[in-house]
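[1] coords please:
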Amino acid sequence: MKKQEAIENIYRLEGRVPVGKAVPFGLQHILAMFVANIAPIIIIAGASGLDPGQTARLIQSAMIIAGIGTLIQLFPLWKIGSGLPIVMGISFTFVSVFCYIGPVYGYNAIVGAVLVGGIIEGLLGLFARYWIRLITPIVSASVVTAIGFSLLSVGASSFGGGSGSADFGSASNWILGTITLLCCIVFNILAKSYWKQLSVLFGLIVGYLVAVCMGMVDFSSLEGTSIVAFPSLMPFRPEFNANAILSVVLIFLVSATETIGDTCALATSGLNRDATEREISGSLACDGFISALSSVFGCLPITSFSQNVGLVAMTKVVNRFTIATGAVIMILAGIFPVFGALLATLPDAVLGGCTIMMFGTIVVSGLQMISKCGYSQRNITIAALSLSTGIGFTQVPEIFDIFPQLIRNIFAENCVAVVFLVAVLLNLVLPKNMETAGTK
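    Numbers count the residues shown, from 1 in each chain. Prediction:
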């Protein structure tokens with residue numbers, strides 16, 4: 001393989017890239033999502049009363065399942081998988097509802113609900129051709145824009161040291177996040193050829209080394225960590241509670257809208273085209289069935305990661321083999337827990353310094369998609385009203401206090417769900433040509 005062709009292949013969906021050149025890009029993707037992948041498990045396990053040993057095994061399972069899910073997205077099995085460079089990980093969308101179900105019904109009820117909800121979403125994906133026409137381009141564009149805006153606060157929280165941390169917003173976190181961000185920008189400006197696309201990895205490495213020098217990296221989690229370990233099947237016996245299942249299935253529908261948005265955003269920003277019906281269908285099917293498989297290992301739902309969509313949008317690296325090296329790294333991080341524990345020492349401020357621009361890229365991609373749809377009165381109404389209610393109402397979640405707990409769990413702090421619902425409803429009820437509606 002010619003060197004120039006190998007370099008150009010990283011910007012193509014197909015084509016082989018030498019392993020030595022592919023691994024850094026794969027590692028960049030994993031570092032960008034690693035903390036966000038394990039954070040939901042830590043939060044939900046704590047709320048559900050699981051002990052540290054159980055939590056550690058769930059984190060191990062999460063890495064393996066995320067790696068398998070990513071490989072299936074890249075290289076579909078039958079109709080399951082999109083064939084796009086989508087990176088999978090534990091979904092944050094379910095945190096609030098699981099923090100309610102866990103203490104009330106127990107963690108086993110969470111596992112049972114994930115199993116049922118995952119199968120339902122998977123079937124919806126397989127039969128997407130019967131309903132996907134509800135998701136018109138302007139609806140997809142509005143959802144993608146909402147995903148970008150929803151991630152901005154995530155990036156800012158990480159930049160400050162992680163929401164709820166004792167030193168949140170401290171000078172040390174500001175310094176660390178700023179150094180990391182500047183390293184990403186300077187590297188992108190000065191590097192040549194494909195090396196430019198490794199700016200996030202460079203920033204992560206420099207930021208991590210600076211954090212070590214500042215004494216901000218805690219290596220205590222490495223003590224007593226096993227070298228090799230394999231996850232166990234059915235560590236938690238599923239319990240099928242009707243209330244838990246109903247709540248989780250509804251959140252799976254919300255997660256599905258995010259997956260549709262991620263798939264559309266990735267195709268638009270990374271491949272300069274619209275996502276096909278087959279790709280959206282396969283992406284949803286993978287989302288659901290891999291989540292069901294995740295429950296077999298006692299773990300939580302798996303979904304596409306918007307962080308990595310932002311990374312693709314920024315770097316334009318879409319090669320499936322290259323992203324697959326990252327999936328293999330995730331699987332190894334699960335089989336070799338000490339490797340995963342080392343990656344978990346990455347400080348939040350370092351991650352925030354790298355991701356804040358990536359998340360902004362998703363916003364820009366969404367706005368570009370809206371522009372591509374055209375600024376007709378109908379499109380402007382759908383985008384403006386869905387975004388203003390979705391982003392505006394979730395900034396003041398108390399506005400949902402009159403609704404039942406189930407509705408609050410779904411909509412109160414999830415702007416993507418509100419944007420999707422409003423956009424779909426407006427798309428159904430507004431006249432197809434508002435410019436001529438009401439005229440003689």
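[2] How is residue 89 assigned, secondary-structure-wise?
    What DSSP: H, G, I helix; E, B strand; the rest coil gives for residue 89 is strand.
[3] My guess is it contacts residue 66. True?
    Yes: the pair residue 89 / residue 66 is scored as a contact, 4.8 Å apart, by CB atoms under 8 Å. Quick note: C-beta positions are derived from backbone N, CA and C, even for glycine.
[4] Next, show the common contact partners of those two.
    By the contact definition CB atoms under 8 Å, 6 or more residues apart in numbering, residue 89 and residue 66 are jointly contacted by 37, 302.
[5] between the two, which one's more packed in?
    residue 66 (31 against 27; other CB atoms under 10 Å).
[6] in what helix or strand does residue 382 lie?
    helix 377-395 (DSSP states H and E).
[7] ok, and what's touching the helix or strand following that helix?
    Once helix 377-395 ends, the next helix or strand along the chain (criterion: DSSP H and E) is helix 405-411. Helix 405-411 has contacts (CB under 8 Å, 6+ apart) with 96-97, 100, 246-247, 250-251, 254, 393-394, 397, 400-401, 403, 417-418, 421.
[8] filter the residues you listed to the buried ones?
    Buried by 16 or more other CB atoms under 10 Å: 96-97, 100, 247, 250-251, 254, 393-394, 400, 417-418, 421, out of the contacts of helix 405-411.
[9] By pLDDT, give me the weakest of those.
    Ranked by pLDDT, the buried ones among the contacts of helix 405-411 bottom out at residue 96 (67).
[10] show me the contacts for residue 416.
    By CB under 8 Å, 6+ apart, the neighbours of residue 416 are 93, 143, 146, 147, 150, 254, 257, 258, 261, 390.
[11] Among the residues you listed, which ones are in strands?
    When DSSP state E is applied, the contacts of residue 416 are split such that none fall in strands.
[12] Mind putting the residues you listed into a markdown table with distance to residue 364?
    Listed next are these as a markdown table, based on distance: CB to CB, whole Å:
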| residue | distance to residue 364 |
| --- | --- |
| 93 | 23 |
| 143 | 15 |
| 146 | 14 |
| 147 | 12 |
| 150 | 15 |
| 254 | 24 |
| 257 | 20 |
| 258 | 18 |
| 261 | 14 |
| 390 | 18 |
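[13] and these, which of them are in helices?
    143, 146, 147, 150, 254, 257, 258, 261, 390 (DSSP state H).
[14] Next, work out how far apart the last one and residue 265 are.
    Going back to what we said before, that points to residue 390. With the distance defined as CB to CB, to the nearest Å, residue 390 ends up 16 Å from residue 265.
[15] Compare these two and say which one has the larger neighbour count.
    Taking neighbours as other CB under 10 Å, residue 390 and residue 265 compare with residue 265 leading, 30 against 27.
[16] On the pLDDT front, check the more buried one for me.
    Note on residue 265: pLDDT of 84.
[17] can I assume it sits in a strand?
    No: according to three-state DSSP, residue 265 belongs to no strand; its state is helix.
[18] Output the contacting helices and strands for the helix holding residue 382.
    helix 137-159, helix 348-373, helix 415-429 (3 or more CB pairs under 8 Å, 6 or more residues apart in numbering; DSSP states H and E).
[19] what residues does that helix touch?
    Against helix 377-395 from outside (CB under 8 Å, 6+ apart): 138-139, 141-142, 145-146, 149-150, 370, 373, 399-400, 411-420, 422-423, 426-427, 430-435.
[20] Where does pLDDT dip in this structure?
    Along the chain, segments meeting pLDDT under 70 span 1-7, 35, 43, 52, 96, 193-194, 221, 224, 340, 435-440.
[21] Going along the chain, name the strands of it.
    Ranges of strands in the chain, per DSSP E, are 88-90, 302-304.
[22] hang on, the earlier thing: out of the ones in helices among the contacts of residue 416, flag the one nearest to residue 212.
    residue 150 (31.7 Å; CB to CB).
[23] Distance of the residue most central in space within the chain relative to residue 265?
    Note on the chain: the residue nearest the mean C-alpha position is residue 305, at 1.9 Å, using CA atoms, centre = their mean. Going from residue 305 to residue 265 by CB to CB gives 12 Å.
[24] next one: residue 12
    From residue 12 to residue 265 the distance is 19 Å (CB to CB).
[25] again, but for residue 213
    When residue 213 is compared with residue 265 (using CB to CB), they lie 37 Å apart.
[26] next one: residue 226
    Residue 226 sits 38 Å away from residue 265, going by CB to CB.
[27] again, but for residue 415
    For residue 415 relative to residue 265 (CB to CB), the value is 16 Å.
[28] Compute the number of surrounding residues for the closest residue to residue 73 other than its chain neighbours.
    What sits nearest to residue 73 in space, not counting adjacent residues and going by CB to CB, 6 or more residues apart in numbering, is residue 86, at 4.3 Å. Neighbourhood size, residue 86 [other CB under 10 Å]: 28.
[29] With residue 14 instead?
    Residue 14 sits with 10 neighbouring residues when counted by other CB under 10 Å.
[30] I figured it was touching residue 322, is that so?
    No: the criterion here is CB under 8 Å, and residue 14 misses it with residue 322 at 11.1 Å.
[31] Count the residues that sit near the nearest residue to residue 231 once chain neighbours are set aside.
    Spatial nearest neighbour of residue 231, excluding adjacent residues (CB to CB, 6+ apart): residue 61 at 4.2 Å. Look at residue 61: counted by other CB under 10 Å, it has 24 neighbours.
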